[in-house]
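1. predicted coordinates and the sequence they were generated for:
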Amino acid sequence: MSLSTILKETEQRMKKSIEALKTNLSKIRTGRAHAGILDHVQVEYYGSLVPVSQVAAVNVADARTLTVQPWEKGMGAVIEKAIRESDLGLNPVTAGDSIRVPMPALTEERRRDLTKVVRSEGEDAKIAVRNLRRDANDDLKKLVKDKEISEDDERRGQGDVQKLTDKFVAEIDTLVAQKESEIMTI
């Protein structure tokens with residue numbers, strides 16, 4: 001393993017941590033409607049659980065309403081039940097072939113609770129990035145011990161790893177701040 005390999009792998013793994021954070025933040029409900037909010041709602045379809053987006057078209061009707069258009073007639077009631085029983089606190093209404101999902105307004109207290117959840121997700125992502133930094137530094141120390149690189153190269157490598165860490169921690173802070181402002185906007 002070389003110095004450049006360690007840096008590339010560390011950067012790729014840090015990018016995966018950012019992607020995981022984005023996925024987790026997208027599941028947190030704001031007062032606004034967005035199609036991604038139903039991504040983790042599972043529906044039984046011919047004996048297996050699949051996301052709603054695989055059995056219906058999910059669209060944003062307006063700022064506070066989603067519409068779900070099932071591709072098969074019999075799926076409407078199943079989708080409605082799955083959305084109602086999900087942990088999102090949504091109350092879908094069937095209107096003909098489609099299902100309307102109004103987004104209830106969030107209370108001030110609920111908004112504050114959600115910002116705490118967002119900060120917690122951000123902190124978890126930072127911990128993951130710092131753990132990756134530690135792993136990369138351990139790999140660098142192992143290379144020095146095996147006499148594959150010099151101590152100067154190790155120091156330079158640790159500096160590069162720290163720059164990567166700082167860059168991704170700043171990106172995490174930006175994502176968390178964006179989500180908090182999105183939640184607090186009425």
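-> Yep, that arrived. Numbers count the residues shown, from 1 in each chain.

2. quick one, helices of the chain?
-> With helices called from DSSP state H, the chain shows them at 3-26, 75-85, 108-145, 151-184.

3. average pLDDT for the shortest one?
-> For helix 75-85, the mean per-residue pLDDT is 86.

4. for Ile6, which non-adjacent residue is spatially closest?
-> If the residues on either side of it in the chain are set aside, Ile6 comes closest to Asp139, at 5.0 Å by C-beta to C-beta, 6 or more residues apart in numbering. Just so you know, the C-beta spots here come from the backbone N, C-alpha and C atoms, and that holds for glycine as well.

5. tell me the confidence at that neighbour?
-> Asp139 is given a pLDDT of 92.

6. need the helices of the chain in a markdown table (columns: distance to Asp62 and mean neighbour count).
-> What follows is the helices of the chain, written out as a markdown table (distance: least, C-beta to C-beta, whole Å; neighbours: other C-beta atoms under 10 Å):
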| stretch | distance to Asp62 | mean neighbour count |
| --- | --- | --- |
| helix 3-26 | 20 | 16 |
| helix 75-85 | 18 | 17 |
| helix 108-145 | 21 | 16 |
| helix 151-184 | 17 | 16 |
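
7. ranking the ones you listed by mean pLDDT, which is last?
-> Here the helices of the chain differ in mean pLDDT, and the lowest is helix 75-85 at a mean of 86.

8. ok so, going back, mind checking which of the helices of the chain is nearest Gly36?
-> Closest to Gly36 of these, according to C-beta to C-beta: helix 3-26, at 4.8 Å.

9. which residues touch Met14?
-> With contact set as C-beta atoms under 8 Å, 6 or more residues apart in numbering, Met14 has these partners: 129, 132, 164-165, 168.

10. which one of those residues is nearest Leu3?
-> Taking C-beta to C-beta as the measure, Leu3 lies nearest Leu164 of the contacts of Met14, at 12.9 Å.

11. now that closest one. Nearest residue, chain neighbours left out?
-> Nearest to Leu164 is Glu11, by C-beta to C-beta, 6+ apart, at 5.6 Å.

12. and that neighbour, how far from Ala35?
-> Applying C-beta to C-beta, to the nearest Å, the value for Glu11 to Ala35 is 30 Å.

13. Thr107 and Thr5, how far apart?
-> In this view, Thr107 and Thr5 are 51 Å apart by C-beta to C-beta.

14. neighbours of Val43, just the number please.
-> Per other C-beta atoms under 10 Å, the neighbour tally for Val43 reads 22.

15. no more questions from me, cheers.
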